[in-house]
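A.B. asks: Here is my input, please return the structure:
(2 chains)
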Amino acid sequence: MNFNEFITIFVDIYLILILLYAIFIMSSYLILSCLSIIELRGYLKKNSFVNYQILLSSEYAPALSLIAPAYNEGMTIEENVKSLLSLSYNNYQVIVVNDGSKDNSMELLISTYDLVQADIDYEPKIATKNVKAIYQSRNAAFKKLLVVDKENGGKADALNVGINIAQNPYVVCIDVDCILDRDSLLKLAKPFMESNNKRVIATGGVVRIANQCVIKDGRLIEVNVPDKLLPRIQVLEYLRAFLLGRMAWERLDGLLLISGAFGAFDKEIAILAGGYNTKTVGEDMELVVRMRKYMHEHDLPYTVSFIPDPLCWTEAPESFSIFKKQRSRWMRGTIETLWTHRKMFFNPKFKLLGLVSVPYWTFFEFMAPFIEFVGLVITIYFITMGMVNWDSFAILLLFVYFYSIMFSVLALLTEELTYHKYVKIKDYVKLLEGAFVEPFHFHLMSVYAAMVGYYEKIKGTHGWGEMTRKGFSKK
Amino acid sequence: MEELWQYYYNKDWVKPFLLYSIYFFVFVSIALFSSIIVIRRLKIRNQRLEDRFTPIIEHILSQNLFESAFFSEFSVYEKLFRNTVFRKLMMESIINLHQNYDGTYAENLENFYIDSGLINDSYKKLNSEEWQIKCKGIKELAEMNVVEAFEALVKMSKSSNKTLTIVAINACIKLNGSNGIRHLSRHKHSFDLWTQLNILDALKQGNLAQIQGLEYLLTSQNNSVVSLGLKAISSLNLSEKTQYVQKLIDETTSDDILIEAKDVLNRLLTQNNQHYKYELQ
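C.D. replies: Residues are numbered from 1 along each chain as shown, chains lettered A, B, ... in the order given. Take a look at the predicted model:
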């Protein structure tokens, strides 16, 4: 076999493998979206007969501890804490963990909420950085509030402090700068009461993009689609991920990720599993995987629940540099979680989790950007060597492009049929424009950011990087 | 087989496969987007119909409510009563109004509901294949106090569909007070905490004077029903049921029920003592 023959065979095999990979990933998205839509329809039908208000007056409603880690949030912390204190739920406490902020967050909290040092012993069940002081308010109106001042140790460490201090059996971990729906805790608590045979160890909710939405008194009052292309396409991306992806994983009971922005956990199991891992930047996914692993290893029947209602709104990066930091961190988090739990990969002991969920994440979340990048490099090489059949190249490109558009339009239709949050026609047109541009714009940025994530992981980069936010428009 | 392999090996399939897939994706994208437009148009059309029908419905119902006008007096609108959207809106309005009125006003609405044939719409819903439509029918019949539907609702409360069970049990309670849940002592399915809280809430919403026979729930072989009974006795402060709770403590073999029963008994006794102290003062 001469060199040319070898190259030809290599290219043939490579092309077929790539095509099969593409078909497999595309089909899996379609199958998951069908499952998601079925699950969503069922949920909405049931939900139309649910009266969440009964939880408000019931002494049997699960008691929740809301944990909000804060680092340099001085600009918005007063208002954000106020909105957390005014959620519709009776049986809950709010624990704000100041993770060694360098700004005036702590002073602001002390003066706004009339805080004094509380006589509470800190007996950590999960090891954490040093807790300097725990504060309570003298004002009875803020009796639900507990503020912890601690040495800086990162988000996971702050959440672990919150878990250690929480007095209630369920902890709700949130990002302090997120906008929560007033009924979010009612909806999040319900799954914990619904299981007879399986213990619900965690519940997650849908996160939506709040850029350019109007906020008043810490509540979302007007939903808009951002004008800027980058956050606009992220609206589409979140719709696809949450409406067409996570519901299917919930149905299959193979959900690996509950967003760090908004999720509730069974405190006992979270502590038994060891709490948040402070060594990873993907602590949200890692905790869910570890809790599930713990339940499997101890042969305890369990489930992880997911609520498709848009309960939490967050600000998406608007600049490429911040977007790159966020996505590279997500990739590092994915790599770290999959590596830490590599024992589960194709391990039948972990049932669907080991045989489907973990391999799926490995092949399609972790490896996909790498395979795309290699494909891009090889394509450029073929072009420079004059080895490209332009007809086939164009057809292949259109194949992927139109699939991407179809999938985005499916997400838009699902949104229209379910929550219908984007009421203005122009918002739909903007999102459709985004769908047409996405494969040449956002997608390439995502692949690049993921590659940066691989590089940073190899280099040994830790930490989150500075994540500056613009803030919401207020009325 | 050989031919198939050759076809695969020659890669003749690749181009047609990709081309047909592209046509398919484009077609589906257009169809999906057209669906969005159609759905929006339908919503607008329904809204327009709603805007047209609402003043008429308000007029009819206010006449019925405050001037005791009978259905037969609205023969001008006979044609409208055959319109599905109109009947749907009428049903929603009458149910909403009924929730806010009682006495003669409520009776007027109930008579109108029967005379106009809306009651038949609700009964038809009970026979639907879809559980969510059954739920709607149950809610309507219960709200309009159609006691004759009670037996049918008891049957539905035994459904394996949790939502249907909750809606049917709540309807039974609305129609027949706590007697409406006596049959639960023979219930086979286990009630989760959410279902129990829904039933408890329905009991609280009902007429407390009518609450009798909750002790039957404590005799059930189904622990979740016993737990429901305990929660109901505790939440409604039924101190006269203390003896039944005590009997349960003596007889139960379940540790969970024993703990819950002891807790309820303590609560009842504490409340009794406080009440007694208050009376002495």
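
A.B. asks: From now on I want contacts and neighbour counts done on CA atoms only, so please keep to that.
C.D. replies: Noted.

A.B. asks: Count the neighbours of the closest residue to A:Lys125 other than its chain neighbours for me.
C.D. replies: Nearest non-adjacent residue to A:Lys125, counting by CA to CA, 6 or more residues apart in numbering or on different chains: A:Asn164, 6.0 Å away. Neighbours of A:Asn164 under the rule other CA atoms under 10 Å in any protein chain shown: 19.

A.B. asks: try A:Ser305
C.D. replies: Neighbour number of A:Ser305 under other CA under 10 Å is 23.

A.B. asks: Can you show me the helices along the stretch 351-475 of chain A?
C.D. replies: A:351-352, A:358-360, A:368-384, A:390-417, A:425-437, A:442-459 (DSSP state H, counting those that start in this stretch).

A.B. asks: Now tell me what touches the shortest one from outside.
C.D. replies: Same thing as helix A:351-352. A:Asp253, A:Gly254 (CA atoms under 8 Å, 6 or more residues apart in numbering or on different chains).

A.B. asks: need the next SSE after the helix or strand hosting B:Gln132, C-terminal direction.
C.D. replies: Using DSSP states H and E, B:Gln132 sits within helix B:131-143. Counting by DSSP H and E, the next helix or strand C-terminal to helix B:131-143 is helix B:150-156.

A.B. asks: list the buried ones in that next one?
C.D. replies: B:Phe150, B:Leu153, B:Val154, B:Met156 (16 or more other CA atoms under 10 Å in any protein chain shown).

A.B. asks: what's the answer for stretch A:434-447, then?
C.D. replies: A:Gly434, A:Ala435, A:Phe436, A:Val437, A:Glu438, A:Pro439, A:Phe442, A:Met445, A:Ser446, A:Val447.

A.B. asks: ditto for stretch A:395-405
C.D. replies: A:Ile395, A:Leu396, A:Leu398, A:Phe399, A:Val400, A:Tyr401, A:Phe402, A:Tyr403, A:Ser404, A:Ile405.

A.B. asks: need the helices of the stretch 351-475 of chain A in JSON lines with mean pLDDT, can you?
C.D. replies: Below are those laid out as JSON lines (pLDDT from 0 to 100):
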{"stretch": "helix A:351-352", "mean pLDDT": "92"}
{"stretch": "helix A:358-360", "mean pLDDT": "96"}
{"stretch": "helix A:368-384", "mean pLDDT": "90"}
{"stretch": "helix A:390-417", "mean pLDDT": "94"}
{"stretch": "helix A:425-437", "mean pLDDT": "95"}
{"stretch": "helix A:442-459", "mean pLDDT": "95"}
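
A.B. asks: Packed most tightly, which of these would that be?
C.D. replies: helix A:358-360 (a mean of 21; mean count of other CA atoms under 10 Å in any protein chain shown).

A.B. asks: interface residues of chain A facing chain B?
C.D. replies: Counting by CA under 8 Å from any CA of the partner chain, the residues of chain A close to chain B are A:45-46, A:49, A:54-55, A:58, A:60, A:190, A:193-196, A:392, A:395-396, A:398-399, A:402-403, A:405-407, A:409-410, A:413, A:416.

A.B. asks: Report the central residue of the chain.
C.D. replies: No chain in the question, so chain A it is. Centroid check for chain A by CA atoms, centre = their mean gives A:Ser259 as the closest residue, at 2.8 Å.

A.B. asks: Please refer instead to chain B.
C.D. replies: Residue closest to the average C-alpha location in chain B (CA atoms, centre = their mean): B:Val167, at 2.9 Å.

A.B. asks: ok, now how distant is that one from B:Gln132?
C.D. replies: Computed as CA to CA, to the nearest Å, the B:Val167 to B:Gln132 distance reads 10 Å.

A.B. asks: Over to A:Gly333?
C.D. replies: According to CA to CA, A:Gly333 stands 42 Å off from B:Gln132.

A.B. asks: Please apply the same query to A:Gly204.
C.D. replies: Counting by CA to CA, the gap from A:Gly204 to B:Gln132 is 25 Å.

A.B. asks: Counting neighbours, go ahead and name the busier of these two.
C.D. replies: A:Gly204 (27 against 20).

A.B. asks: How many neighbouring residues does residue 68 have?
C.D. replies: No chain in the question, so chain A it is. For A:Ala68, the neighbour count with other CA under 10 Å is 28.

A.B. asks: other chain: chain B
C.D. replies: 17.

A.B. asks: residues in contact with it?
C.D. replies: B:Asn108.

A.B. asks: Up against chain A, what does the stretch 51-200 of chain B have?
C.D. replies: B:Gln132, B:Thr163, B:Val167, B:Ser190, B:Phe191, B:Asp192, B:Leu193, B:Trp194, B:Thr195, B:Leu197, B:Asn198.

A.B. asks: so which helix or strand takes in the last one?
C.D. replies: Element membership of B:Asn198, judged by DSSP H and E, is helix B:193-205.

A.B. asks: What helices and strands are in contact with that helix?
C.D. replies: Here helix B:193-205 touches helix A:53-57, helix B:162-176, helix B:223-235, going by 3 or more CA pairs under 8 Å, 6 or more residues apart in numbering or on different chains; DSSP states H and E.

A.B. asks: Just give the closest residue to A:Val452, not the sequence neighbours.
C.D. replies: In space, A:Val452 is closest to A:Ser328, 5.7 Å off (CA to CA, 6+ apart).

A.B. asks: give the contact list for that neighbour.
C.D. replies: By CA under 8 Å, 6+ apart, A:Ser328 lies in contact with A:Ala449, A:Ala450, A:Met451, A:Val452, A:Gly453, A:Tyr454, A:Glu456.

A.B. asks: I'd like those residues written out as CSV, with distance to A:Ala210 added.
C.D. replies: Formatted as CSV, these follow (distance: CA to CA, whole Å):
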residue, distance to A:Ala210
A:Ala449, 22
A:Ala450, 24
A:Met451, 27
A:Val452, 26
A:Gly453, 25
A:Tyr454, 29
A:Glu456, 29
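
A.B. asks: coming back round to it: anything in contact with each of B:Val167 and B:Gln132?
C.D. replies: If you check B:Val167 and B:Gln132 against CA under 8 Å, 6+ apart, no residue is contacted by both.

A.B. asks: Pick out the residue of chain B closest to chain A.
C.D. replies: B:Ser29 (4.6 Å; CA to the nearest CA).

A.B. asks: residue contacts, that residue?
C.D. replies: A:Ile405, A:Met406, A:Phe407, A:Val409, A:Leu410.

A.B. asks: what do you get for A:Trp249?
C.D. replies: With CA under 8 Å, 6+ apart, A:Trp249 has these contacts: A:Leu32, A:Ser36, A:Leu255.

A.B. asks: Tell me the pLDDT of the last one.
C.D. replies: To tie it back to what came earlier, the one meant is A:Leu255. As predicted, A:Leu255 sits at a pLDDT of 94.

A.B. asks: got it, and the second one?
C.D. replies: As summarised for this prediction, A:Ser36 has a pLDDT of 96.

A.B. asks: Hmm, A:Ala156 and A:Tyr276 touching each other?
C.D. replies: Yes. Proximity of A:Tyr276 to A:Ala156 meets the contact threshold set by CA atoms under 8 Å, at 5.4 Å.

A.B. asks: Now do the shared contacts for the two.
C.D. replies: With CA under 8 Å, 6+ apart, A:Tyr276 and A:Ala156 have common neighbours A:Glu283.
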